[in-house]
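J.: My questions concern the predicted model and sequence given below.
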Amino acid sequence: MANRTIIPFGPQHPVLPEPIHLDLVVEDEKVIEAIPSIGFIHRGLERLVEKKDFQEFVFVAERICGICSFIHGQTYCQGVETIMKIDVPARARYLRTIWGELSRIHSHLLWLGLMADSFGFESLFMHAWRVRERVLDVIEATTGGRVIFGTCKVGGVRRDIDAAAMTRLLEQVKEVERETREIVNVFTNDGTVKHRLCGVGRLSHEEAYALGCVGPTLRACGWALDSRTLGYAAFNELEFKPIARTEGDCYARTVLRCDEIFQSADLIRQAAAKLPAGEIATKVTGNPDGEFFARVEQPRGEVIYYIKGNGTKNLQRFRVRTPTFANIPALVKTLQGCDLADVPILVLTIDPCISCTER
Amino acid sequence: MSLFTMTGLVLKSLFRKPFTHRYPFEPRVPVPGMRGAVAVDLSTCIFCGLCVRKCPTQALEVDRAAKRWTIDRLRCISCGACVEACPKKCLRLTTDHGVAVVTRDREVFEHA
């Protein structure tokens, strides 16, 4: 038996966009066990509900994550709106859907770039981010911010998209789709890429469910589970069917995210075509009293917000279960028995967002 | 197994002008509707202090007696809550980020 060595991986590592630490117990080149530790960027945002009033807190909720920021704000607003029984105008629901899907496209493109970087394909990384830049420009033109949208508020949205801006948005989405297709071709068909991804980090159908995976990690194992089927925002009025693949390896997770980019583009087109006229926000009076679990599909998987109000302007309790947290057990499982050289790919394959996880 | 799937993309990029802006030489074209720095027009301001109440980061201060409106640029997150709250519409968000702030001093606007 070879000697066992413990190799620290992270919190500072070239492949990691955010700090997570793994102790890799290695025997020769094989990883026997991985022990994760988190807690490097805990900011105590959940406790802030005691200081900020519930309408101001949307700004904090949006800053939980820098990538899925809009969906965090949306989930928080949906939770508070359900407690307060606020009827959100249809136009606001559709606009939330459009911005949510735009943020999914930019998140997946960002991830594709990082993934390419993790297996050493620098130029592919640059190309993925080049396309992402176009999405960010669309977001900036419609919301005023590139990463923090700041458009969601309790009772609706703060900005409208007029007809001319919507036409430009749809043109850009079409262009993004065309450019993404060129990149996706490399991810799905290139021999070198497939060589690094196929069969790596395989999770079985049952394991994925038992370990409580969410999002693309779960869907790549044959489970067509997606919170968007709950029909929040405008999803109950749009044609939507979750994509699933059966292989359960890194390649499946990559291709699945590629497919989701096109699905999101399609959802944006559907929402834009059905976009109803009318108000974009309702007036909010009173304070939330009650509790609610809000579930929304983020690019990384299902996020759960627990919100409890006690009739004052500050919430009593606020808790977020982020998708990355749910996927860490799966990561630890796939790391067992993998090659040391595959560790960066496996860590990235769950699309870790540590800022979200630690709040 | 296919190889050289990237070749077309690479060749295309080779003969195309750079995708990035040549920033310091080519100034960035401001995007209309961008949330930039907060600007105030004191000629219409009534110093009601609603913006101070709505600011989520406590970046603003208003002194009604001295007719003074101040902002801590390092605290401001350009969310636009003050702009929405302003009853006289004397606040607005510009389409640029403003000048870089290097000290912790508040920027003071006084009614002449």
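T.: Great, that's in hand. Keep in mind that this is a model prediction, so the values were computed, not measured. Numbers count the residues shown, from 1 in each chain, chains lettered A, B, ... in the order given.

J.: Now do whatever residue of the stretch 151-300 of chain A ends up closest to chain B, the pLDDT please.
T.: Nearest residue of the stretch 151-300 of chain A to chain B: A:Gly191, at 3.8 Å (C-beta to the nearest C-beta). Backbone N, C-alpha and C define where each C-beta goes, glycine included. Looking at A:Gly191, its pLDDT is 85.

J.: I'd guessed it sits against B:Leu3; true?
T.: Yes - under the criterion of C-beta atoms under 8 Å, A:Gly191 makes contact with B:Leu3 at 5.0 Å.

J.: Spell out, range by range, the helices that occur in chain B.
T.: For chain B, the helices defined by DSSP state H occupy B:7-14, B:50-54, B:81-85.

J.: Now render the ones you listed as CSV, adding mean pLDDT and distance to A:Tyr209.
T.: Below are the helices of chain B laid out as CSV (pLDDT from 0 to 100; distance: least, C-beta to C-beta, whole Å):
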stretch, mean pLDDT, distance to A:Tyr209
helix B:7-14, 85, 38
helix B:50-54, 89, 46
helix B:81-85, 89, 43
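
J.: Of those, give the one that comes closest to A:Asp160.
T.: Comparing the helices of chain B against A:Asp160 with C-beta to C-beta, the closest turns out to be helix B:81-85 (13.3 Å).

J.: Tell me how far the most centrally placed residue in chain B lies from B:Ala81.
T.: Nearest to the geometric centre of chain B sits B:Gly36, at 1.5 Å (C-alpha atoms, centre = their mean). According to C-beta to C-beta, to the nearest Å, B:Gly36 and B:Ala81 sit 15 Å apart.

J.: who in the stretch 151-300 of chain A is up against chain B?
T.: With C-beta under 8 Å from any C-beta of the partner chain as the criterion, the stretch 151-300 of chain A comes near chain B at residues A:Arg158, A:Arg159, A:Glu182, A:Ile183, A:Asn185, A:Val186, A:Asn189, A:Asp190, A:Gly191, A:Thr192, A:Lys194.

J.: Just the residues you listed: which are in strands?
T.: Per DSSP state E, strands hold no members of those.

J.: what's the farthest-apart pair in the residues you listed?
T.: Spatially, the most separated pair among those is A:Arg158 and A:Gly191, at 48.0 Å (C-beta to C-beta).

J.: Looking at the two, which is more packed in?
T.: A:Arg158 (21 against 11; other C-beta atoms under 10 Å in any protein chain shown).

J.: What mean pLDDT does stretch A:75-91 get?
T.: 91.

J.: is that stretch up against chain B anywhere?
T.: No - residues of stretch A:75-91 are not located near chain B by C-beta under 8 Å from any C-beta, the shortest gap being 13.6 Å.

J.: And that stretch, what's buried?
T.: A:75-84, A:86, A:88-91 (16 or more other C-beta atoms under 10 Å in any protein chain shown).

J.: Can you give me the end-to-end span of it?
T.: For stretch A:75-91, the first-to-last residue distance is 17 Å (C-alpha to C-alpha, to the nearest Å).

J.: now what about it, what contacts it?
T.: A:54, A:57-58, A:61, A:152-156, A:160, A:232-234, A:275-282, A:284, A:286-296, A:303, A:305-307, A:309 (C-beta atoms under 8 Å, 6 or more residues apart in numbering or on different chains).

J.: pLDDT weak spots in chain B?
T.: Low-confidence segments of chain B (pLDDT under 70): B:1, B:112.

J.: Can you flag the buried ones in the residues of the stretch 151-300 of chain A next to chain B?
T.: Buried by 16+ other C-beta under 10 Å: A:Arg158, A:Arg159, A:Ile183, A:Asn185, A:Val186, A:Asp190, A:Lys194, out of those.

J.: Where helices are concerned, which of those residues count?
T.: A:Ile183, A:Asn185, A:Val186, A:Lys194.

J.: Pipe those residues into JSON lines and attach distance to A:Pro17 per row.
T.: JSON lines is the format used below for these (distance: C-beta to C-beta, whole Å):
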{"residue": "A:Ile183", "distance to A:Pro17": "19"}
{"residue": "A:Asn185", "distance to A:Pro17": "25"}
{"residue": "A:Val186", "distance to A:Pro17": "21"}
{"residue": "A:Lys194", "distance to A:Pro17": "24"}
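
J.: closest to A:Leu24 among those residues?
T.: Nearest to A:Leu24 among those, with distances taken as C-beta to C-beta, is A:Lys194, at 25.3 Å.

J.: pretty sure that closest one is touching A:Tyr251, no?
T.: Yes - with contact defined as C-beta under 8 Å, A:Lys194 counts as touching A:Tyr251 (6.4 Å).

J.: which residues of chain B fall in strands?
T.: Counting by DSSP E, the strands of chain B are B:38-40, B:60-63, B:68-71, B:91-93, B:107-110.

J.: Out of the ones you listed, flag the one nearest chain A.
T.: If you check each of the strands of chain B against chain A by C-beta to the nearest C-beta, strand B:91-93 wins as the nearest, at 7.3 Å.

J.: neighbouring strands for that closest one, and are they parallel or not?
T.: Counting by DSSP bridges, the strands paired with strand B:91-93 are strand B:38-40 (antiparallel).

J.: Could you list the buried residues of the strand it pairs with?
T.: For strand B:38-40, the neighbour count (16+ other C-beta under 10 Å) marks B:Val38, B:Val40 as buried.
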